Each structure stands twice: as C-alpha cells, then as structure tokens.
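Participant: sharing a sequence plus its predicted fold:
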Amino acid sequence: MGILSKNEALEAARRDNLDLVLVAANSEPPTAKIIDWGKYNYQKKKKRQQNRQAHLSKIGNFKQMRFGMKISDYDLEVKLRKVNKFLEEGCKVRLTIVLRGREMEHKDLAFEMAEGIINKLENVGTVEQKPRLGGRQISMIIRSSK
C-alpha cells in the first residue's frame, strides 16, 4: 500500500475488518502489516505443531522406566516385561534407578543392579548409553536390537 500515516493505516485496517500489526518499529519509516491476527496466530500454532510432530518422528518413540533400589524381584520382572514390549515396538527406553537417602552411599549396588537389568534385556535390546550417575539417579538408554 506504500507509505501511509498511522491514521490512514488504521482506517484501511478497519475498513477491511482486519488488524494493523507493527512488524519493524525501528525501521525508517516503521513497517506495519494489515492482517487477520486470529488467523495468523492459528496458522503459526498449526505450523509449530507440525514442526513438533516432524521432530518427534525423527527421534522416534522414547519411553522411560524408573526403578527404586528396594524393588522386589517380581516388580522388577513386571517392569522388565513392559520394557521388552516397548523395545519390540521399536522404542528407545531410558531406564532410571533412583537413589534415595542413604542409598547414595551404595552406588556400587545400584550399578550392579543396572548391569543385571542390561543382562536380562540383552536378547531384545542393545545399550546405547552406558549406565551413568547424574545427581541422585543412574540412567542408561537401551534401543531395540532389530
């Protein structure tokens, strides 16, 4: 539309039932657009969702399973069956062993537990990230071996 005064631009926006949006305030003269703000926001939101979907499809499905140090053998087996199911679906799984209170003094037992879990899962998955301590938890990542 060319260079217009502020009042002329506002009048043009009102006439078309649209919004006047300032694009570059620091330029000389300041640049503005006449757009439907609601439609613009809707399209921007949709674009963000599509980008997020594309990003998630690139990294694949990612699941997480948390264990405590005092977990019973049966509960551990139940969780490992669920992890097996995730791996068979082709997901990556982050396994986290949470250390509470004085369990921090027995990190060696937690690492032994992590190695035991890896041994039980070696027929369906491979270790992508070895067990490592981060704060009060030991985490590792296992991916499907298929």
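Facilitator: Nice, thanks for sending it over.
Participant: what's the burial count for residue 67?
Facilitator: 20 (other Cβ atoms under 10 Å). (C-beta placed from N, C-alpha, C; glycine too.)
Participant: mind giving me the packing neighbours of whichever strand or helix holds it?
Facilitator: With elements delineated by DSSP states H and E, residue 67 resides in strand 62-68, which encompasses its position. Under the contact definition 3 or more Cβ pairs under 8 Å, 6 or more residues apart in numbering; DSSP states H and E, strand 62-68 sits against helix 73-88, strand 92-98.
Participant: now the angle from the helix or strand just after the shortest one to strand 92-98?
Facilitator: Per DSSP H and E, the first helix or strand lying C-terminal to strand 92-98 is helix 107-121. With axes from the mean of the first three to the mean of the last three Cα atoms, to 10 degrees as the basis, helix 107-121 and strand 92-98 are set at 150 degrees to each other.
Participant: show me what counts as buried in stretch 130-141.
Facilitator: Judged by neighbour count (16 or more other Cβ atoms under 10 Å), stretch 130-141 contains these buried residues: 131, 138-141.
Participant: name the surrounding residues that touch the worst-scoring helix or strand of the chain on mean pLDDT.
Facilitator: Taking mean pLDDT, DSSP states H and E as the measure, the helix or strand of the chain with the lowest value is helix 37-59, at a mean of 83. By Cβ atoms under 8 Å, 6 or more residues apart in numbering, the residues outside helix 37-59 that reach it are 18-19, 21.
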